[in-house]
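S.K.: All I have is the shape, not the residue letters:
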């Protein structure tokens with residue numbers, strides 16, 4: 001019966017707790033009103049060792065060991081602490097140390113060479129560890145370490161499904177912190193550290209040699225890490241309150257790092273494939289980052305400082321991945337990057353208030369740079385083909401740039417300075433070149449190029465200039481210079 005119920009579920013063990021307490025109550029019939037500690041040790045096998053030390057009142061300990069050379073150490077100080085240790089196999093080791101009142105620890109290990117350490121200080125903390133056994137599967141040499149200090153903290157660790165050589169470390173300091181860890185496979189590593197109140201961490205790793213680290217300081221931060229496959233790596237660090245991070249990685253050698261400081265920041269990372277890399281750094285409040293990467297070797301870096309900035313990166317790669325870098329500093333800036341193909345590269349840098357950038361690249365070896373400084377500037381870049389290059393610089397207010405490139409080797413440069421300028425560049429063909437310079441107010445430029453090797457330069461300085469350039473064919477060249485008003 002014990003082996004059937006061996007650390008199978010928290011409900012099962014809580015039933016055992018009720019039975020154990022009922023039995024202890026019957027044993028104390030002669031001293032009904034005495035406050036006693038209770039210990040029950042069962043050992044079957046050879047060279048098993050158990051040590052139980054209890055100081056206080058109504059502490060309870062139950063140790064069951066089946067196999068050879070298993071070791072168990074239980075130490076309880078205070079009142080109404082409860083510990084269950086179940087070990088089946090050989091060379092397993094468990095150490096439970098509880099100080100305070102009404103703490104609970106449940107440890108179950110099946111297999112060979114599993115080790116578990118639980119240390120709890122405070123009141124009504126809860127630790128549950130299950131290693132090496134689930135649904136008939138047995139694992140070996142798993143390691144779990146749980147340390148909790150404070151009140152009402154809860155830690156659950158599962159390392160199952162013929163799991164071998166997994167390591168898990170959980171450290172929680174404060175009140176009402178929750179950590180859930182499940183690792184299925186071989187050689188996975190987990191570390192969770194939470195300092196503060198009401199922080200919540202969930203880690204699920206299935207596969208081999210995945211690595212997860214979660215560090216949370218403050219109030220009500222939330223982290224969810226799911227990694228499926230092999231050799232994936234995730235690191236989450238959050239400092240503040242009510243920050244939220246979700247990381248989901250499926251494949252091989254994917255890497256994600258999330259750092260958030262402040263409050264109400266949100267990061268969502270999803271990577272599917274091999275060798276994808278994501279880095280998110282947000283400092284302030286209400287910032288939001290969403291990164292989705294599919295295929296091999298895509299790379300995304302997002303840096304946001306300020307309030308209510310929003311970044312979305314979507315990349316689908318083939319053979320070789322795409323690269324995206326987003327920097328936003330200020331308030332209410334928005335960046336959307338969408339890349340499908342191979343070796344496309346996008347860089348967005350926005351400083352100020354309510355700037356907006358939209359980059360859409362399809363194909364191979366396309367490159368886009370967007371640099372905005374000021375407020376309410378708007379840039380749209382669409383590239384479809386191979387080797388197209390676009391650079392947009394906006395400094396001021398209410399400037400607008402729209403670049404559309406279709407074909408191969410087209411090149412566009414837009415530089416806007418001051419406010420209310422508008423530029424529209426359309427290139428369809430091969431090796432067309434356009435340069436637009438606007439320095440002033442309310443200038444308008446439209447450039448359309450169709451064909452091969454056309455070149456256009458527009459230079460506007462002043463107020464309310466208007467230029468339209470249309471080139472169709474091959475090798476056409478145009479230069480427009482406007483410096484006086486009302487041209």
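M.R.: That came through fine. Just so you know, these numbers come straight off a predicted model, no measurement behind them.
S.K.: Flag the shaky bits of the stretch 51-200 of the chain, pLDDT-wise.
M.R.: Applying pLDDT under 70 to the stretch 51-200 of the chain flags residues 133-137, 161-162.
S.K.: Show me the helices in it, by range?
M.R.: Remark: helices of the stretch 51-200 of the chain are absent; assignment by DSSP state H, counting those that start in this stretch.
S.K.: Show me what counts as buried in the lengthiest strand in the chain.
M.R.: Taking DSSP state E as the criterion, the chain has its longest strand at strand 154-164. Neighbour counts using 16 or more other Cβ atoms under 10 Å place 154-164 of strand 154-164 among the buried residues. Any C-beta I mention is one placed from the backbone N, CA and C, and that applies to glycine too.
S.K.: just checking, what packs against that strand?
M.R.: Judged by 3 or more Cβ pairs under 8 Å, 6 or more residues apart in numbering; DSSP states H and E, the packing partners of strand 154-164 are strand 126-131, strand 133-134, strand 137-140, strand 143-151, strand 167-175, strand 178-186.
S.K.: Centre of the chain to that strand, how far?
M.R.: Strand 154-164 sits 21 Å away from the centroid of its parent chain (Cα atoms, centre = their mean, to the nearest Å).
S.K.: on that earlier part again, same list (the buried residues of strand 154-164) but as a markdown table, adding distance to residue 171.
M.R.: Shown next, in a markdown table, are these (distance: Cβ to Cβ, whole Å):
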| residue | distance to residue 171 |
| --- | --- |
| 154 | 13 |
| 155 | 9 |
| 156 | 15 |
| 157 | 12 |
| 158 | 18 |
| 159 | 17 |
| 160 | 22 |
| 161 | 25 |
| 162 | 28 |
| 163 | 21 |
| 164 | 24 |
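S.K.: Show me which of the residues you listed is closest to residue 123.
M.R.: residue 154 (12.7 Å; Cβ to Cβ).
S.K.: Return the most buried member of the helices and strands packed on strand 154-164.
M.R.: strand 126-131 (a mean of 26; mean count of other Cβ atoms under 10 Å).
S.K.: Check which helices and strands that one sits against.
M.R.: The contact analysis (3+ Cβ pairs under 8 Å, 6+ apart) places strand 126-131 against strand 104-112, strand 115-123, strand 143-151, strand 154-164.
S.K.: can you list the helices and strands packed on strand 154-164 in TSV and add distance to residue 285?
M.R.: Listed next are the helices and strands packed on strand 154-164 as TSV, based on distance: least, Cβ to Cβ, whole Å:
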stretch	distance to residue 285
strand 126-131	32
strand 133-134	42
strand 137-140	43
strand 143-151	26
strand 167-175	22
strand 178-186	24
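S.K.: Quick one, which of these gets closest to residue 319.
M.R.: strand 178-186 (28.1 Å).
S.K.: closest to residue 220 among the buried residues of strand 154-164?
M.R.: residue 154 (14.8 Å).
S.K.: what are the ranges of the helices in the stretch 201-350 of the chain?
M.R.: Taking DSSP H, counting those that start in this stretch as the test, none of the stretch 201-350 of the chain falls into helices.
S.K.: re earlier: format the helices and strands packed on strand 126-131 as CSV; extra columns: distance to residue 445.
M.R.: Shown next, in CSV, are the helices and strands packed on strand 126-131 (distance: least, Cβ to Cβ, whole Å):
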stretch, distance to residue 445
strand 104-112, 71
strand 115-123, 68
strand 143-151, 63
strand 154-164, 62
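S.K.: closest one to residue 352 among the ones you listed?
M.R.: The nearest among the helices and strands packed on strand 126-131, by Cβ to Cβ, is strand 143-151 at 42.9 Å.
S.K.: Now do the closest one: everything it contacts.
M.R.: Strand 143-151 has contacts (Cβ atoms under 8 Å, 6 or more residues apart in numbering) with 114-125, 127, 129, 131, 155, 157, 159, 166-177.
S.K.: could you redo the last one with a cut-off of 6 Å?
M.R.: Identification of contacts with strand 143-151 by Cβ atoms under 6 Å, 6 or more residues apart in numbering yields 115-125, 127, 129, 155, 157, 167-175.
S.K.: And for stretch 197-210?
M.R.: 174-188, 190, 192, 212, 214, 216, 219-232.
S.K.: can you count the residues close to residue 397?
M.R.: Residues contacting residue 397 under the criterion other Cβ atoms under 10 Å number 18.
S.K.: what sits against it?
M.R.: Per Cβ under 6 Å, 6+ apart, neighbours of residue 397: 374-376, 419.
S.K.: ranking these by neighbours, who comes first?
M.R.: Counting by other Cβ under 10 Å, top hit in the contacts of residue 397: residue 374 with 22 neighbours.
S.K.: How about the secondary structure of that residue?
M.R.: Of the three states, residue 374 takes strand according to DSSP: H, G, I helix; E, B strand; the rest coil.
S.K.: shouldn't residue 261 be in contact with residue 283?
M.R.: Yes. Counting by Cβ atoms under 6 Å, residue 261 touches residue 283, with 4.7 Å between them.
S.K.: The closest residue in space to residue 138 that isn't next to it in sequence pairs with what?
M.R.: Counting by Cβ to Cβ, 6 or more residues apart in numbering, residue 138 lies nearest to residue 111, which is 4.7 Å off, once chain neighbours are set aside. Beta-bridge pairing of residue 111 under DSSP bridges involves residue 89, residue 139.
S.K.: which residues touch residue 111?
M.R.: Residue 111 neighbours (Cβ under 6 Å, 6+ apart): 89, 132, 138-140.
S.K.: One more pass at 7 Å, please.
M.R.: 89, 132-133, 138-140 (Cβ atoms under 7 Å, 6 or more residues apart in numbering).
S.K.: Thought residue 403 was touching residue 390, still the case?
M.R.: Yes. In this structure, residue 390 is within contact of residue 403 by Cβ atoms under 7 Å, at 4.9 Å.
S.K.: Show me the common contact partners of the two, please.
M.R.: Common contacts of residue 390 and residue 403 (Cβ under 7 Å, 6+ apart): 381, 412.
S.K.: What confidence value was assigned to the spatially most central residue of the chain?
M.R.: Nearest to the geometric centre of the chain sits residue 247, at 3.5 Å (Cα atoms, centre = their mean). You'll see residue 247 listed with a pLDDT of 98.
S.K.: Residue 14 too?
M.R.: Looking at residue 14, its pLDDT is 51.
S.K.: What of residue 345?
M.R.: 98.
S.K.: re the thing from before, to residue 324, which of the helices and strands packed on strand 126-131 lies closest?
M.R.: Taking Cβ to Cβ, strand 154-164 is the member of the helices and strands packed on strand 126-131 nearest to residue 324, at 35.8 Å.
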